[in-house]
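A.B. asks: pasting the sequence and the predicted coordinates here, then a few questions.
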Amino acid sequence: MASKETEGAPPSKPVPEAGERKKPFSMIRTFVLADVITLCNAFCGTGAILSSMLYLEKNERGAAITAFILLPLALVCDALDGQVARWRRKSSPLGGDLDSLADVVSFGVAPAALGFALGLRGGWDAAALCYFVACGISRLARYNVTASALSDETGKVKYYEGTPIPTSLLLVGVLGAAFSMGKTGESLWLGSMELGPWALHPLALMYVVSGSLMISTLRIPKP
């Protein structure tokens with residue numbers, strides 16, 4: 001959520017204008033501790049994607065377990081970066097965008113990749129997973145654009161419009177339960193059916209529901 005790192009923090013230093021000579025690694029020099037934690041969020045999400053790919057290729061149980069561990073760690077980092085920014089009262093020009101991009105990786109692409117690796121590989125399944133990721137991206141873009149309008153006089157956002165993208169970890173929890181019971185691949189819960197040219201696992205519909213809630217106008221109070 002783009003604005004959470006900057007709530008309560010002093011204005012960040014302006015980005016150098018075009019044509020101004022920049023110091024080597026000037027972008028990295030703008031990073032503050034909260035940004036590093038945000039990048040750890042993206043690191044965990046990327047690791048979960050790669051672990052899912054490894055499980056898909058070699059069926060190594062440990063790879064899937066690694067993905068299931070990394071995604072909750074990504075959530076911890078996502079919650080911690082905003083707290084650290086407010087505690088240190090420091091933010092960078094890139095903080096908000098870093099947070100949104102990291103969330104797309106960890107709570108959009110990674111849960112979709114994990115679902116695909118565990119058995120949601122039919123044509124309709126793939127469409128559902130792509131829809132889910134697109135909804136997550138749209139949800140974050142809308143938040144970035146409307147955050148100021150949703151803020152009160154103190155600058156704090158009063159509510160989320162649509163469910164936050166980290167709620168996708170509920171899907172990961174369902175997949176984790178199925179994985180622990182050996183219900184993956186051909187044994188995936190609810191089975192599969194043929195609809196026209198493609199197969200559909202009904203379990204993939206939970207991604208459609210999650211994505212639709214993210215782009216809805218449902219108001220979720222922000223703590």
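C.D. replies: That came through, no problem. Numbering: from 1, shown residues only.

A.B. asks: so which residues of the protein form strands?
C.D. replies: Remark: strands assigned in the chain by DSSP state E are 159-161, 193-195, 198-200, 219-221.

A.B. asks: now these as CSV including mean neighbour count, distance to Ala64 and mean pLDDT?
C.D. replies: Backbone N, C-alpha and C define where each C-beta goes, glycine included. Converted to CSV, the strands of the chain look like this (neighbours: other C-beta atoms under 10 Å; distance: least, C-beta to C-beta, whole Å; pLDDT from 0 to 100):
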stretch, mean neighbour count, distance to Ala64, mean pLDDT
strand 159-161, 16, 30, 78
strand 193-195, 11, 25, 93
strand 198-200, 17, 22, 95
strand 219-221, 11, 30, 80
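
A.B. asks: of the ones you listed, give the one that comes closest to Thr66.
C.D. replies: Closest to Thr66 of the strands of the chain, according to C-beta to C-beta: strand 198-200, at 27.8 Å.

A.B. asks: CSV for the strands of the chain, including distance to Ala178?
C.D. replies: CSV is the format used below for the strands of the chain (distance: least, C-beta to C-beta, whole Å):
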stretch, distance to Ala178
strand 159-161, 28
strand 193-195, 18
strand 198-200, 17
strand 219-221, 27
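
A.B. asks: and those strands: which comes nearest Ala141?
C.D. replies: strand 159-161 (11.9 Å).

A.B. asks: direction included, what does the closest one pair against?
C.D. replies: Strand 159-161 has its sheet partners listed here by DSSP bridges as strand 219-221 (antiparallel).

A.B. asks: how far off centre is the strand it pairs with?
C.D. replies: 19 Å (C-alpha atoms, centre = their mean, to the nearest Å).

A.B. asks: could you do stretch 62-71 as well?
C.D. replies: 16 Å.

A.B. asks: give the buried residues for it.
C.D. replies: For stretch 62-71, a neighbour-count test (16 or more other C-beta atoms under 10 Å) marks 63-64, 66-68, 70-71 as buried.

A.B. asks: check stretch 36-46 too.
C.D. replies: 37-46.

A.B. asks: packing partners of the top helix by length along the chain?
C.D. replies: Looking across the chain with DSSP state H, the single longest helix is helix 61-88. Applying 3 or more C-beta pairs under 8 Å, 6 or more residues apart in numbering; DSSP states H and E, one finds that helix 61-88 contacts helix 33-58, helix 95-104, helix 110-117, helix 169-180.

A.B. asks: that older thread, Ser106: which of the strands of the chain is closest?
C.D. replies: strand 159-161 (17.4 Å).

A.B. asks: what's in contact with that closest one?
C.D. replies: Applying C-beta atoms under 8 Å, 6 or more residues apart in numbering, the external contacts of strand 159-161 come out as 1, 142-143, 146, 150, 217-222.

A.B. asks: if you set the cut-off to 7 Å instead, what comes out?
C.D. replies: 142, 146, 150, 217, 219-222 (C-beta atoms under 7 Å, 6 or more residues apart in numbering).
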